[in-house]
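K.L.:
What follows is a predicted structure for the sequence shown.
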Amino acid sequence: MKLLSIFILTLLSARGLCAEHTFKPIDSVKSEIFFTDENTHLMEGQDGLKLKKGLNLFLFEDGYFSAGNKFIYYKFKQTLNDDKTSAEIFKAFFKYTFAKFSFEIGKDNVNVGPGENGLLLSKNAPPYPLIKLQTEEYLNFAGKWSFLMVDGWLNEKRDDISNPKIFLFRLTYKPSDFIELGGTRSTMYGGTGRPEYKIWEYPTLLLGKAENITGSKFDNDGFAAFDISVFIPKNKLPAAVKKMKIYYQDAGTDMSAFWQTEDSGYHFPFGFKLQLHAYQTGILMETEKDVFRIEFACANPFFYTHHWYFDEGYTYKGFSLGHPYGRNMQNMFFKHKRQINKTASFEYKLGLLIQPAFNTAEKMKRYYLSFKTNKDYGNILAGTYIRLDKTDNYDSDFSPTQYNIITKNKTFFTIGYSLTYKF
């Protein structure tokens, strides 16, 4: 580790970095142990964390190097359960900040959109190699603007097209402090045996001009979404409420637009119309010590699937790249986090998942209640986790795009404990 630190310091100083720097080879060490009696249990939105029946042990170690506007971060992960024993570089990236922008390259993931888990990209799947360019501060021009661009490599062997890629662009606009408008476009493209693109072809990829035309070079799995967030003015809120946001997002896995070859036609007012929808809406409220969220989401039966990427669809390593529960679903939850004092907090979540929710008589209704606690003892952070799941019928297929409904009611119990040491 000493040789590694000397190497990094020498390399970066040779490039004329600021003399002020911080290097923590090990910033924290975290251990998590879980027990579940479900064959495979999803910890939604947790960077590809899933549990196998029985005991599951996870270890994480992370560190970073910071020098002026340059930042290097890495995180290691070890997994031990009845299914596998593995060790991996879980996250590792270099980030460079300049003016109001930042550039990142490495292994990471990102959540996009106003909801707890993005419909088009979330932190539900494990980190993957990517390039990311985004604004770190608003750009001011008749309001506040920000953007995000991600190009990622989903390196894995799949049952449809192995090693696909993902491209996403998001633009947000705040004409005032009380409203934010967002537009997002993402595409799963490429992979083994599929076309590659030059950098000047990305605008065509982004616009989807020839998407879904059989034989077209640009026949890819494209998505588009728009969202609106309304921030209630402080003087309209009760005195105890610091912030309140109401949000709505509408996404489609197909669209009709005047610039497209196969679905030409103008649709008022923006010139396009989304098709095969997924929706997400919610309310977020914060007080001095509490955070409340109510959210509802649903997805069309054909969402997250495509004729090129059909078997595994819009996933990475078996996890949905968007909403954790994938396609053909309805999901609603209520979540409350309470900061008891500076060192202790608790959080509970009550939810319902219906899947498949449409076009079938066989449905699973899954009711769940989870409870978390966190307690800070100086350099040590201890946490507990309890979750109860009860189903009417049961989906035995872990995939977010495939189902195997068993007409049998089941109940599952999951419990966990975590310990983190901060150096």
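P.N.:
Looks like it arrived, so ask away.
K.L.:
quick one: the spatially most central residue of the chain and Val112, what's the gap?
P.N.:
In the chain, the C-alpha nearest the mean C-alpha coordinate belongs to Ser122, at 1.3 Å (CA atoms, centre = their mean). Distance of Ser122 to Val112, computed by CB to CB, to the nearest Å: 7 Å. For every residue, glycine as well, the C-beta is placed using N, CA and C.
K.L.:
give the contact list for the nearest residue to Leu274 once chain neighbours are set aside.
P.N.:
The shortest distance from Leu274 to any residue other than its chain neighbours is 2.9 Å, reached at Gly252 (CB to CB, 6 or more residues apart in numbering). With contact set as CB atoms under 8 Å, 6 or more residues apart in numbering, Gly252 has these partners: 223-225, 274-278.
K.L.:
ok, and the most crowded of those?
P.N.:
For these, the largest number of neighbours (other CB atoms under 10 Å) sits with Phe223, at 28 neighbours.
K.L.:
doesn't Trp145 make contact with Tyr173?
P.N.:
Yes. Using CB atoms under 8 Å, Tyr173 is in contact with Trp145, at 5.6 Å.
K.L.:
Glu180: how many residues sit nearby?
P.N.:
Using other CB under 10 Å, Glu180 has 21 neighbouring residues.
K.L.:
can you tell me how far the residue nearest to Phe218 when sequence neighbours are not counted sits from Ser216?
P.N.:
Leaving aside its chain neighbours, Phe218 sits nearest to Ala210 (4.3 Å; criterion: CB to CB, 6+ apart). From Ala210 across to Ser216, the span is 4 Å (CB to CB).
K.L.:
With neighbour numbers in mind, choose between those two.
P.N.:
Ala210 (17 against 14).
K.L.:
Distance of that one relative to Gly222?
P.N.:
11 Å.
K.L.:
again, but for Asp160
P.N.:
Taken as CB to CB, the span from Asp160 to Gly222 is 16 Å.
K.L.:
Grab the longest strand from this structure for me.
P.N.:
Longest strand in the chain, counting residues (DSSP state E): strand 21-42.
K.L.:
Tell me which other helices or strands it touches.
P.N.:
Using 3 or more CB pairs under 8 Å, 6 or more residues apart in numbering; DSSP states H and E, the elements in contact with strand 21-42 are helix 2-14, strand 50-67, strand 380-392, strand 410-422.
K.L.:
just the angle between the longest one and strand 21-42, please?
P.N.:
Per axes from the mean of the first three to the mean of the last three CA atoms, to 10 degrees, the angle that strand 50-67 makes with strand 21-42 is 170 degrees.
K.L.:
Please identify the pairing partners of strand 50-67 and their relative orientation?
P.N.:
For strand 50-67, the paired strands and their directions (DSSP bridges) read strand 21-42 (antiparallel), strand 70-80 (antiparallel).
K.L.:
Tell me where the model's unsure across the stretch 301-423 of the chain.
P.N.:
In the predicted model of the stretch 301-423 of the chain, no residue satisfies pLDDT under 70.
K.L.:
Help me confirm that Phe423 comes into contact with Lys30.
P.N.:
No. Using CB under 8 Å, Phe423 is not in contact with Lys30; the gap is 11.7 Å.
K.L.:
okay, those two: which has more neighbours?
P.N.:
Comparing Phe423 with Lys30 by other CB under 10 Å, the one with more neighbours is Lys30, at 18 against 10.
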